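K.L.:
fold the following, please.
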Amino acid sequence: MRFSSKGIVYRLSSKQQLPISMDKAWEFLSNPANLKEITPTYMSFDIISGADRPMFAGQIIQYIVTPILGIKTTWVTEITHVVNKQYFVDEQRFGPYALWHHKHFIKPVKGGVEMEDIIDYKVPFGILGRLVHPILVKPKLQEIFKYRQAKLIELFGDYNQ
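P.N.:
Just a heads-up that it's a prediction; the model follows:
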């Protein structure tokens, strides 16, 4: 997992390999309803609407999530791009970030698949948000993605074993 920053836009990137087929990986990852399963339970993640169909470009999905300090937040994302069994992109339309652009890539590798997430994001509240980023936002995102990686290993097995 890597973080980088160019000005006020931060980047989180993460790669994970799983010992499953492309079909199985795509079926799971491209189903918005499965996001709840790979999100820490303390975040009280609930889908309000939009996850009742297979993923498509233009799909709007609404969630309620409690990311920090017990504060419930409505998060609205749009699936902006989908290329079957290759990648999809979700962008925040309303929610806790000033910018959220999340690319999900998947490709076959020997013995399974490699998933790569690249998230470009901007925190709100200007300089205050940038001061809080390293002590609150960045650690929370690291925690969420570590949970997600562990949950995917629990569900599908460890590629490295």
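K.L.:
what residues are up against residue 150?
P.N.:
With contact set as CB atoms under 8 Å, 6 or more residues apart in numbering, residue 150 has no partners. Just so you know, the C-beta spots here come from the backbone N, C-alpha and C atoms, and that holds for glycine as well.
K.L.:
in which helix or strand does it reside?
P.N.:
Secondary structure assignment for residue 150, by DSSP states H and E: helix 138-156.
K.L.:
could you list the buried residues of that helix?
P.N.:
Using 16 or more other CB atoms under 10 Å as the burial criterion, the residues of helix 138-156 that qualify are 138, 141, 144, 145, 147, 148, 149, 152, 153, 156.
K.L.:
measure the last one to residue 128 for me?
P.N.:
Distance of residue 156 to residue 128, given as CB to CB, to the nearest Å: 40 Å.
K.L.:
let me see the confidence value for the closest residue to residue 53 other than its chain neighbours.
P.N.:
Distance criterion CB to CB, 6 or more residues apart in numbering; nearest residue to residue 53, sequence neighbours excluded, is residue 59 at 7.2 Å. Looking at residue 59, its pLDDT reads 97.
K.L.:
residue 59 contacts residue 81, correct?
P.N.:
No - with contact defined as CB atoms under 8 Å, residue 59 does not reach residue 81; the gap is 11.0 Å.
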